[in-house]
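J.: Sequence below, structure please.
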Amino acid sequence: MRNAPRRVRDWTRAQRVEGGDGAVEGRDVADVRLQPSVTNPRGAPDSWQSLSGRLDRSLIGDQGAALALVAAYLRPAGTVEADESGRTLGILAVTAAEAIYLELGPGSFLIAPMWFKMDAFAEPRDGSAAIGPRFDYLAVAPAAAAICYPFLLKAFHAVVGTQAATPSPLAIVGATLILAVAFVVPFLALALACRPDADPGTRRLAYAGVATPTLYVFLGVVQTLIRSPVADELVWCVLWLAIAIWSQTARNPVAATRPTVERWRIVHGVTAAVLCLYVAFHLANHLFGLIGPDAHAAVMKIGRVVYRSGVGEPLLVAAMLFQIGTGLFLARHWSAAPQDFHRTFQVASGAYLSLYILGHMNSVFIYARSFLGIPTDWNFAIGAPTELIHDAWNIRLLPHYALGVFFVLSHLASGLRVVLIAHGVDRRAANRLWGAGVATSAVISAAIIAGMCGVRIS
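T.: Numbering: from 1, shown residues only. Purely as a prediction, here's the structure:
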């Protein structure tokens, strides 16, 4: 027993050799070169010889408990696995023994073996390590919520019925709750995109989940264009299952360096500032829907002189496509690593807008003008004659439009926040301004949707 501390000391010295593999086989290790001793957080002498001397003179003594404390980590046959930092459990055990001694005195080792068996110093027994890492159910939650989305809309229509039916007050409350749950789907994905421990594939799946409402409309239009006999819901479920599997199986290598996006970010912002003129007019035009379709048509006729002209329309389309390309590029860059909430919101809203604009142009230029040959006026927007609420297909347009308005305005507010902070504005003031912008976006979105659903202020 008296020779055991020396053996422990020599073994522990060998473990501290830098670059070691963290395991010592059953052999003599006394000739391995020495390294700096364990740091004593309580201010005791840092010399390993001093520590081992105290172990020899005071701790071992007649009790022998400290040696048992250390030797318990030296099984079996002198082989010990290292932890992630490269320090072996044996070193930690010796340090623990010293800490007990300095805290409670030599007599404390009468109870050391009993204390050592407690979970705090016991060897980990994680059963999951033997069977592999546990499955992260939150990682696929955005896909699961997206799969449920079409069925929520079907449930809403089943409760509300057609225009000929008059729903009861209880049915109206139930339909409202169902629609509210449908609106939760993209915001649940946004919350999951904020997880700091998510890998890039999981994070990008969450960003895709934010775009669920506009993706479902896009899919429905494409299904109509190709005259698909397969139900939208079936294609939708298969699509999201494939995306979810890809997100969990795709490799996520850590790039040594990533291309800078500063120039693209600036160009993207400048183009967005120019497009704000069109966005402001377009949303104001839709607000006139609260007065009536005729007021909406009169304002739209004035604006189309510019944005439907032979020069204005191609420039507008080119600018939109540029925003989509640069926006998705920036989203891919920033989604590779965890971001703070404001950046995550900016990326998520930008991802929604990229897909929304792409789908909107497909609906206008291909579906309405080429496929159906109809004007893209107020009736086209609200899905006349059945309108938004009482049609099984058109109900998908309601969240699509509402979140489109909300995200375009709040995305601009996010960009303004970044510009203000970059120019020296206090971060808290910029955050308050951003919050006011988001709240205003929600109010304007609700007003436009109310007008499209038949609410009038005159």
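J.: Tell me which residues touch the nearest residue to Arg204 once chain neighbours are set aside, please.
T.: Taking C-beta to C-beta, 6 or more residues apart in numbering, and ignoring the residues beside it in sequence, Arg204 has Ser335 as its nearest neighbour in space, at 5.1 Å. No exception for glycine: its C-beta is placed from N, CA and C like everyone else's. Ser335 makes contacts with Pro200, Arg203, Arg204, Tyr207, Val347, as judged by C-beta atoms under 8 Å, 6 or more residues apart in numbering.
J.: contacting residues around the helix or strand in which the second one is found?
T.: By that I understand Arg203. Assigned by DSSP states H and E, Arg203 belongs to helix 200-210. Applying C-beta under 8 Å, 6+ apart, the contact partners of helix 200-210 are 136, 139-140, 142-143, 145-146, 185-190, 192-193, 195, 198, 215, 243-244, 246-248, 250, 252, 331-332, 335-338, 347-349, 351-352.
J.: Let's test this: mean pLDDT of it, rounded?
T.: Taken as a whole, helix 200-210 carries a mean pLDDT of 96.
J.: Output the following helix or strand past it in PDB with nothing but the alpha carbons.
T.: As assigned by DSSP H and E, the chain's next helix or strand after helix 200-210 is helix 212-225. C-alpha atoms of helix 212-225 as PDB (Å, rounded to 0.1, in the frame of the first residue of the first chain):
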ATOM      1  CA  THR A 212     -44.900  26.500 -45.500                       C
ATOM      2  CA  PRO A 213     -47.900  28.700 -46.500                       C
ATOM      3  CA  THR A 214     -46.400  30.100 -49.600                       C
ATOM      4  CA  LEU A 215     -44.900  26.700 -50.600                       C
ATOM      5  CA  TYR A 216     -48.300  25.100 -50.400                       C
ATOM      6  CA  VAL A 217     -49.800  27.700 -52.700                       C
ATOM      7  CA  PHE A 218     -46.800  27.300 -55.100                       C
ATOM      8  CA  LEU A 219     -47.400  23.600 -55.100                       C
ATOM      9  CA  GLY A 220     -51.100  24.000 -55.800                       C
ATOM     10  CA  VAL A 221     -50.500  26.300 -58.800                       C
ATOM     11  CA  VAL A 222     -47.900  23.900 -60.300                       C
ATOM     12  CA  GLN A 223     -50.200  20.900 -59.800                       C
ATOM     13  CA  THR A 224     -52.900  22.800 -61.700                       C
ATOM     14  CA  LEU A 225     -50.500  23.800 -64.500                       C
END
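J.: So the closest residue to Val274 other than its chain neighbours, which state does it fall into?
T.: Setting aside the residues directly before and after it, Val274 is nearest to Ala319 in space (C-beta to C-beta, 6+ apart), at 6.9 Å. Put simply, Ala319 is helix when judged by DSSP: H, G, I helix; E, B strand; the rest coil.
J.: Walk me through the domains of this structure.
T.: Following automatic domain parsing, one gets these domains for the chain: 4-131, 137-251+260-452.
J.: Of the ones you listed, flag the one that's most buried.
T.: Each of those was scored by mean neighbour count; the highest is domain 137-251+260-452, a mean of 17, by mean count of other C-beta atoms under 10 Å.
J.: sorry, back to before: and the residue nearest to Arg204, how close does it get to Val443?
T.: Ser335 sits at a distance of 29 Å from Val443 (criterion: C-beta to C-beta, to the nearest Å).
J.: what's the answer for Met320, then?
T.: Distance of Met320 to Val443, given as C-beta to C-beta: 25 Å.
J.: export the helix or strand in which Pro314 is found as PDB, just CAs?
T.: Using DSSP H and E, Pro314 maps to helix 312-334. What follows is the C-alpha trace of helix 312-334 in PDB, where atoms were taken according to Å, rounded to 0.1, in the frame of the first residue of the first chain:
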ATOM      1  CA  GLY A 312     -41.000  49.200 -66.000                       C
ATOM      2  CA  GLU A 313     -42.200  45.700 -65.900                       C
ATOM      3  CA  PRO A 314     -39.000  44.000 -67.200                       C
ATOM      4  CA  LEU A 315     -36.900  46.100 -64.800                       C
ATOM      5  CA  LEU A 316     -39.200  45.200 -61.900                       C
ATOM      6  CA  VAL A 317     -39.100  41.500 -62.700                       C
ATOM      7  CA  ALA A 318     -35.300  41.600 -63.100                       C
ATOM      8  CA  ALA A 319     -34.900  43.400 -59.700                       C
ATOM      9  CA  MET A 320     -37.200  40.800 -58.100                       C
ATOM     10  CA  LEU A 321     -35.300  37.900 -59.500                       C
ATOM     11  CA  PHE A 322     -32.000  39.500 -58.300                       C
ATOM     12  CA  GLN A 323     -33.500  39.900 -54.800                       C
ATOM     13  CA  ILE A 324     -34.500  36.200 -54.800                       C
ATOM     14  CA  GLY A 325     -31.100  35.100 -55.900                       C
ATOM     15  CA  THR A 326     -29.100  37.200 -53.500                       C
ATOM     16  CA  GLY A 327     -31.600  36.600 -50.700                       C
ATOM     17  CA  LEU A 328     -31.300  32.900 -51.000                       C
ATOM     18  CA  PHE A 329     -27.500  33.100 -51.200                       C
ATOM     19  CA  LEU A 330     -27.400  35.200 -48.000                       C
ATOM     20  CA  ALA A 331     -29.800  32.800 -46.300                       C
ATOM     21  CA  ARG A 332     -27.700  29.900 -47.100                       C
ATOM     22  CA  HIS A 333     -24.600  31.600 -45.700                       C
ATOM     23  CA  TRP A 334     -26.200  32.700 -42.500                       C
END
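J.: Summarise which helices and strands it is packed against.
T.: Helices and strands in packing contact with helix 312-334 are listed as helix 262-287, helix 293-307, helix 341-361; criterion 3 or more C-beta pairs under 8 Å, 6 or more residues apart in numbering; DSSP states H and E.
J.: quick one: least confident helix or strand in the protein?
T.: One helix or strand of the chain scores below all others by mean pLDDT, DSSP states H and E: helix 112-116, with a mean of 44.
J.: and Thr440, what does it touch?
T.: Neighbours of Thr440 in contact, by C-beta under 8 Å, 6+ apart: Leu409.
J.: try 6 Å this time
T.: Contact analysis of Thr440 by C-beta atoms under 6 Å, 6 or more residues apart in numbering lists nothing.
J.: Quickly note the distance from Arg396 to Tyr216.
T.: Counting by C-beta to C-beta, the separation of Arg396 from Tyr216 is 5 Å.
J.: And whichever strand or helix holds Tyr401, what does it pack against?
T.: Following DSSP H and E, one finds Tyr401 within helix 397-422. In terms of contacts (3 or more C-beta pairs under 6 Å, 6 or more residues apart in numbering; DSSP states H and E), helix 397-422 is packed against helix 212-225, helix 341-361, helix 427-452.
J.: Give me the mean pLDDT for it.
T.: 97.
J.: Cool, thanks, signing off.
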